[in-house]
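A.B. asks: this is a predicted model, with the sequence first.
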Amino acid sequence: GIGRRTAQRLAFHILRAEDEDAAGLADAIREVREKVGLCEVCFNLSEGPRCEICEDQRRDRTMICVVEQPADVIPIERTHEYRGLYHVLQGRLSPLENIGPEKLTLDGLLRRVRQGEVREVILATNPTLEGDGTALYISSLLAETGVSLTRLARGLPSGSVLEFANTQMLA
Ligand code: ZN
């Protein structure tokens, strides 16, 4: 995601750095790979079996906001407008890339909704063709549960992605 010049600057920075600093960076990279996994409930990134959001007893357990990837949780959290829980799909349906429902965390979502505490599922997949298709699929999957299904307001410009959306717009 960065250009050639930035990559070159980073490479030279590491070569110029003190041994200790370079080794510290290497350790940090190793540590993040070892420690950070997926939350067993919502599939967000987590340092333990459950993420901070799922563990937080002050969160509203009747709402689940469904997003495509962990990076999408961050901009929504930054708005401070949403107090419910999340469910990270770990992707979106994409027939062209051979990504079918079995590759997403849909079983987990269905299980959570069926447990009965959830009143509303907010489909916050990206407003792209694939994001919309994924939302449609989830709507039909959850229809039989009777849970209230909502989508984000369509103020997001078509073709943009949640990760880069501005905070006011998301709120
Ligand atoms: Zn979680």
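C.D. replies: Structure's in. What do you need?
A.B. asks: what stretches of this structure score poorly on pLDDT?
C.D. replies: 155-158, 168 (pLDDT under 70).
A.B. asks: need the single longest strand in it, by residues.
C.D. replies: When every strand of the chain is counted residue by residue (DSSP state E), the longest turns out to be strand 60-67.
A.B. asks: please compute how far the helix or strand following that strand lies from its chain's middle.
C.D. replies: From strand 60-67 onward toward the C-terminus, using DSSP states H and E, the following helix or strand is helix 70-78. Remark: helix 70-78 is offset 7 Å from the chain centroid, using CA atoms, centre = their mean, to the nearest Å.
A.B. asks: elements contacting helix 70-78?
C.D. replies: When contacts are defined as 3 or more CB pairs under 8 Å, 6 or more residues apart in numbering; DSSP states H and E, helix 70-78 sits against strand 60-67, strand 84-88, helix 167-170. C-beta: built from backbone N, CA, C; applies to glycine.
A.B. asks: and the longest helix belonging to the chain, how far out from the chain middle?
C.D. replies: In terms of residue count, the longest helix belonging to the chain (DSSP state H) is helix 19-35. Helix 19-35 sits 25 Å away from the centroid of its parent chain (CA atoms, centre = their mean).
A.B. asks: give me the sheet partners of the helix or strand following that helix and which way each runs.
C.D. replies: Downstream of helix 19-35, the next assigned helix or strand under DSSP H and E is strand 37-38. Strand 37-38 sits in its sheet next to strand 45-46 (antiparallel), going by DSSP bridges.
A.B. asks: pretty sure residue 128 is touching residue 161, no?
C.D. replies: Yes: under the criterion of CB atoms under 8 Å, residue 128 makes contact with residue 161 at 7.3 Å.
A.B. asks: give me the phi and psi for residue 94.
C.D. replies: phi -150, psi 90 (degrees, to the nearest 10).
A.B. asks: what's around the residue nearest to it when sequence neighbours are not counted, how many residues?
C.D. replies: Nearest residue to residue 94, sequence neighbours excluded (CB to CB, 6 or more residues apart in numbering): residue 130, at 5.1 Å. Applying other CB atoms under 10 Å, we find 18 residues neighbouring residue 130.
A.B. asks: quick one: secondary structure of residue 130?
C.D. replies: helix (DSSP: H, G, I helix; E, B strand; the rest coil).
A.B. asks: quick one: contacts for it?
C.D. replies: Neighbouring residues of residue 130 by CB atoms under 8 Å, 6 or more residues apart in numbering: 92, 93, 94.
A.B. asks: if we can go back for a sec, okay, the helices and strands packed on helix 70-78 in CSV with mean neighbour count and distance to the ion next?
C.D. replies: Formatted as CSV, the helices and strands packed on helix 70-78 follow (neighbours: other CB atoms under 10 Å; distance: least, CB to the ion, whole Å):
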stretch, mean neighbour count, distance to the ion
strand 60-67, 20, 10
strand 84-88, 23, 7
helix 167-170, 13, 20
